[in-house]
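*Asks:* Sequence first, predicted coordinates after that:
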4 protein chains.
Amino acid sequence: MERHTGAVDYQYLLDEAMSAARRSAGVGRVADYIPALARADPDAFGIALATVDGELYGAGAWTQPFSVQSISKLFTLALVLADGEQGIWERVGREPSGNPFNSLVQLETERGIPRNPFINAGAIVVTDKLLSLTGDAAGAVRAFLRTEADNPLVRTDPEVAASEAGHGHRNAALAHFIASHGNLVNPVEEVLAEYYAHCAIEASCRDLALAGRFLARHGLRADGSRLLSRSDAKRVNGVLLTCGTYDRGGEFAYRVGLPGKSGVGGGVLAMIPGRAAVCAWSPGLDAAGNSVGAVAALDAFTTLSGLSVF
Amino acid sequence: MERHTGAVDYQYLLDEAMSAARRSAGVGRVADYIPALARADPDAFGIALATVDGELYGAGAWTQPFSVQSISKLFTLALVLADGEQGIWERVGREPSGNPFNSLVQLETERGIPRNPFINAGAIVVTDKLLSLTGDAAGAVRAFLRTEADNPLVRTDPEVAASEAGHGHRNAALAHFIASHGNLVNPVEEVLAEYYAHCAIEASCRDLALAGRFLARHGLRADGSRLLSRSDAKRVNGVLLTCGTYDRGGEFAYRVGLPGKSGVGGGVLAMIPGRAAVCAWSPGLDAAGNSVGAVAALDAFTTLSGLSVF
Amino acid sequence: MERHTGAVDYQYLLDEAMSAARRSAGVGRVADYIPALARADPDAFGIALATVDGELYGAGAWTQPFSVQSISKLFTLALVLADGEQGIWERVGREPSGNPFNSLVQLETERGIPRNPFINAGAIVVTDKLLSLTGDAAGAVRAFLRTEADNPLVRTDPEVAASEAGHGHRNAALAHFIASHGNLVNPVEEVLAEYYAHCAIEASCRDLALAGRFLARHGLRADGSRLLSRSDAKRVNGVLLTCGTYDRGGEFAYRVGLPGKSGVGGGVLAMIPGRAAVCAWSPGLDAAGNSVGAVAALDAFTTLSGLSVF
Amino acid sequence: MERHTGAVDYQYLLDEAMSAARRSAGVGRVADYIPALARADPDAFGIALATVDGELYGAGAWTQPFSVQSISKLFTLALVLADGEQGIWERVGREPSGNPFNSLVQLETERGIPRNPFINAGAIVVTDKLLSLTGDAAGAVRAFLRTEADNPLVRTDPEVAASEAGHGHRNAALAHFIASHGNLVNPVEEVLAEYYAHCAIEASCRDLALAGRFLARHGLRADGSRLLSRSDAKRVNGVLLTCGTYDRGGEFAYRVGLPGKSGVGGGVLAMIPGRAAVCAWSPGLDAAGNSVGAVAALDAFTTLSGLSVF
């Protein structure tokens, strides 16, 4: 990375990135596997950036809440690791899967140990652990987001959670399969309910950039307390870069060059280690489930600023 | 990444990293699928670092040549891209494979398009392209290494190349399979000969750190001329981070946090973008084919220095 | 097949087959994934044969009930086909799977259409259909067995059914996965309950030989009424021969040479088309889930008698 | 099987079967991966039947030679087994593959042991063994066909053999992969040359029915000498039924109900154990590589005659 001296004009960068990305956003397809997500406005677009020093920038619909979906997996993992739970790495791996996010094939080959914490199977295992630790996995994620974003309105959308459960045969298959290998502690139904509840959290680009900032700050929360060790923060960034964007981790590293996590609600939360967290949102998705517009915005952002990790 | 001000004592870091890593190196297993590699001294250990500003540091056997093996794949890719050959990305992907480096399964599923340029199948396709461009793929790699390292002694070990060919049924299977899908231009036998010849190049940690430095310099060669565009250099680093260490890319990102390429000769070449290239060597390998000692040395180096990209 | 003229001494053949097979039965392992099955006596051994002409022969514990398990899949299929339901072949295939009986991999590759009706996934789909047709799939199977065997005591063991449900994460995964592809009509929980209920039916070698005889009689039931068309009966025999013994269909064809269906309760029911149905039972299983003793008995029977279809 | 007493009018059955099948033959597609096969007349149709008692019947182009292709695999297996080589079963399995005939996936999973002797990988291993036994695998097959069919004109078409070699990257990949697991004794190139040479044999329906008759005769050759033990003959029939028609073994068992072997030249050779061998030929293939017309003819034949093994 270049040594950037002097001030970076983040507001200019966000405006330019959004402007450049809006053109491509239209080719994406809004997730429609549940009605509550299908209603998202395909033209919505927002981007926000929170620096390690406490500055906050935004453009477009950056304060509008959307369904965070898989972005919540980043927070469940961090909260489990925050509890000193290195044992989670015996129940879930750290390698890219090379397969779609909800594939059963690899899970079968590898005897119930999901490839990484960001595919659905892995997130179900992490949720199971967080449920054991807290008794309320989704509540723990909500509480963390509310505190870091200083926004008590962050909430789970009950309609989305219910819809996911109603369309969740694939996730139920994953959870039962993991359970058949003895890799779930809590009952399948309870784990899935928690999983759907944290995926159905609504938050804005602003909220997510603020809440994700601890990774850019090498593990420090907004109040200066330590959530993760410096080493764990580095490591979570590593897993994000290789596994955070479904089976397009290589493409994302190639184009954007930042650790990041995407969700089918259209959000992508990325880290510029030592500098800032940035979150872009646009509901149209590519075939892998990543937001076309949000990835394009982050691509433009790093190209303009030179702020990739490479 | 931290903003490092003031001088970093690279010599101290290399000495400490090597000292820390030597303890773990013994558990590795020297590659023994061909006699010429099996003769490597399991206790050999070297590490070298070349800064973007022209400084050079080393410790242990850092000037002793060893078989670069898959590290050569980084140079074949760069030389093809240097020729403006973006078309290579239609013949090979950029995603981690999630499978061992010489797996046929994925290749079959994906109809002859290898997952990335650093698994054997992908490197065979890149070699085919470099052969078309230059008429002498291995010669082009050797010439590049000699020039960048200012070392005319860099050469192909003919015994290793012949041994590889003699034990190369797996690679021959990959190449014929790719050819069956129309993704090889040159005859299978010629492509394999070039492939074996560049894998059998002998170079030292010093040579490789110098030759790989162009990626830390965002595409600039030793003489200041541009090999890759800034954008391509960033992108190659992205592919290295996700795909450079066989099916342990996630583990490497998690532990070391640098883009890197390993070879079964025991070398690992890694990039600190904007700062330096560093190469460690220790012949003992883990089950995935990565050097136990070299990875441990890079792990210690980034832990001590904080110089990971995360 | 040889043209056998004159009487075959079936009693002699059964005695000899049982005697020959007893020696090998000890190497098998009683199914122990649920306690109710694990209690089976490993030394139990029975064999029965029912000719198309109404003769009945038996040896050993041929009237002792055991858990029929997957042998029930033969009857669910026949009862669905008896209803003229050729449409079932759009929801389940007729090819050997080449994989263990409860594999998810193939199901994923083939988008929720199980490979054949005798692997668990396929039997779940057939059960779903039989449930739609009758409102009580397990009851329909029980009723058929009772009538054909003239034995009102054939019943579902409720402890086995409950145990299966309690240990059934793998089957639940299969069922949810099939449902995610839209290939289940009834609720997952109901289908699984029916599935467990018909697998938990207890019947003896005698009962099963009598109940399976309709396939040897080219579709005619004990009372002379037609259950299946001659063509369907032939076809079910074909599917049995290729798919009836988990992923050892080739081995069974090679050794025994008769269409047959095995269950993890230790039973194997086989057909000598135009002549007889024969059922052997010994609880010890091989790694694929087929009874070692029962297969050995059928092997000896066909070797002694020359009564294979080949 | 029914006990058929009295004479069966085979000529009538062949005429009717051919007439019924001609209608469907047109939907098939002539193999076009090599020019020499692509030239086959799509309207050609022949069928022949040779009884165990020495009678011979035919209809249509039943004496016209065509490329036997994979049907030769039946003869290579028989000739290896005739040499008492039960050891072949340690190098190749007997289970259906559940995958297309030239799949590499299963071969990789199962470490170089092909699933059965009738997929390409398995036939390459059997050819390797026959080459070790005879020094001339293709010559041994030709000699057997000539003798059994009493037709010295049976020969290898050199153009077809050369074309196969020129388009054989997939088979070369299979052979090298098998060799990489140590499951080939002779050099890859020699084994492939023999493999192509016996696949390129030209013979007619008449020749093949006569040459295959030994399996209907439980192992006895035309001259009454024993080629296979009764037990081995039965077993080869079992493997044919489950594995003889690529990944449509279940469909073939379901429709035709006879052990059979197909080839992409459009021929299918089937056995009526104890009665006759029957060979049909029509060049148009289905997606799995089986002749549409030949399978339809055999389907009609067994439906009309009731002469299936079920």
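*Replies:* Yes, it's here.
*Asks:* Not counting sequence-adjacent ones, nearest residue to A:G122?
*Replies:* Leaving aside its sequence neighbours, A:G122 sits nearest to A:P114 (C-beta to C-beta, 6 or more residues apart in numbering or on different chains; 3.6 Å). No exception for glycine: its C-beta is placed from N, CA and C like everyone else's.
*Asks:* what's near enough to touch the one you found?
*Replies:* A:P114 makes contacts with A:92-93, A:107, A:121-122, A:124-125, A:178, as judged by C-beta atoms under 8 Å, 6 or more residues apart in numbering or on different chains.
*Asks:* repeat that with 6 Å
*Replies:* By C-beta atoms under 6 Å, 6 or more residues apart in numbering or on different chains, the contact list for A:P114 reads A:92, A:121-122, A:125.
*Asks:* ranking those residues by neighbours, who comes first?
*Replies:* A:A121 (30 neighbours; other C-beta atoms under 10 Å in any protein chain shown).
*Asks:* That one belongs to a helix?
*Replies:* Yes: counting by DSSP: H, G, I helix; E, B strand; the rest coil, A:A121 is located in a helix.
*Asks:* how close does A:W89 get to chain B?
*Replies:* Per C-beta to the nearest C-beta, to the nearest Å, A:W89 is found 9 Å from chain B.
*Asks:* secondary structure element for A:V191?
*Replies:* helix A:188-199 (DSSP states H and E).
*Asks:* List the contacts of that helix.
*Replies:* In contact with helix A:188-199 (C-beta under 6 Å, 6+ apart) are residues A:69, A:72, A:124, A:127-128, A:131, A:137-138, A:141, A:156, A:161, A:164-165, A:175-176, A:179.
*Asks:* Next up, phi/psi of A:I272, please.
*Replies:* Main-chain dihedrals, A:I272, degrees, to the nearest 10: phi -110, psi 90.
*Asks:* leaving aside the residues next to it on the chain, what's closest to it?
*Replies:* A:I272 sits nearest to A:L307 (C-beta to C-beta, 6+ apart), 5.3 Å away.
*Asks:* any idea how far the residue in the stretch 201-310 of chain A that chain C sits nearest to is from chain B?
*Replies:* Nearest residue of the stretch 201-310 of chain A to chain C: A:D247, at 14.4 Å (C-beta to the nearest C-beta). As for A:D247, its distance to chain B is 6 Å (criterion: C-beta to the nearest C-beta).
*Asks:* picking that back up, could you save the contacts of A:P114 as TSV and add columns showing pLDDT?
*Replies:* Shown next, in TSV, are the contacts of A:P114 (pLDDT from 0 to 100):
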residue	pLDDT
A:V92	94
A:A121	93
A:G122	95
A:V125	97
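*Asks:* Around chain B, pick out the residues from the stretch 51-200 of chain A.
*Replies:* Contact residues (C-beta under 6 Å from any C-beta of the partner chain) of the stretch 51-200 of chain A with chain B: A:94-98.
*Asks:* Confirm that A:L133 sits in a helix.
*Replies:* Yes: counting by three-state DSSP, A:L133 is located in a helix.
*Asks:* ok, the closest residue in space to it that isn't next to it in sequence to C:S262 distance?
*Replies:* Leaving aside its sequence neighbours, A:L133 sits nearest to A:D83 (C-beta to C-beta, 6+ apart; 5.3 Å). Distance of A:D83 to C:S262, given as C-beta to C-beta, to the nearest Å: 48 Å.
*Asks:* Show me what the helix or strand containing A:A48 is in contact with.
*Replies:* Secondary structure from DSSP H and E places A:A48 in strand A:46-51. Applying C-beta under 6 Å, 6+ apart, the external contacts of strand A:46-51 come out as A:10, A:14, A:18, A:56-62, A:205-206, A:209-210, A:213, A:276-281, A:297.
*Asks:* and it, how far from the chain's centre?
*Replies:* 15 Å (C-alpha atoms, centre = their mean, to the nearest Å).
*Asks:* got the buried residues for that strand?
*Replies:* By neighbour count on 16 or more other C-beta atoms under 10 Å in any protein chain shown, the buried set for strand A:46-51 is A:46-51.
*Asks:* Would you convert these into TSV that also reports pLDDT?
*Replies:* TSV is the format used below for those (pLDDT from 0 to 100):
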residue	pLDDT
A:G46	97
A:I47	98
A:A48	98
A:L49	98
A:A50	98
A:T51	98
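*Asks:* picking that back up, farthest pair in the contacts of A:P114?
*Replies:* A:V92 and A:A121 (8.3 Å; C-beta to C-beta).
*Asks:* For the stretch 51-200 of chain A, give me the ranges with low pLDDT.
*Replies:* Low-confidence regions of the stretch 51-200 of chain A, defined here as pLDDT under 70, cover residues A:98-103, A:105, A:109.
*Asks:* Which parts of it are strands?
*Replies:* Remark: strands assigned in the stretch 51-200 of chain A by DSSP state E, counting those that start in this stretch are A:56-60, A:66-67, A:155-156.
*Asks:* quick one on the thing from earlier: and the residues of the stretch 51-200 of chain A next to chain B, which are buried?
*Replies:* Here, 16+ other C-beta under 10 Å leaves A:94-98 buried among those.
*Asks:* of those, closest to B:V256?
*Replies:* Among those, A:R94 lies closest to B:V256 (C-beta to C-beta), at 12.6 Å.
*Asks:* what's near enough to touch that closest one?
*Replies:* A:116, A:239, B:250-251, B:254.
*Asks:* show me the contacts for the residue nearest to the spatial centre of chain A.
*Replies:* Centroid-nearest residue in chain A: A:I71, 2.1 Å away (criterion: C-alpha atoms, centre = their mean). Counting by C-beta under 6 Å, 6+ apart, A:I71 touches A:261, A:263, A:267, A:269.
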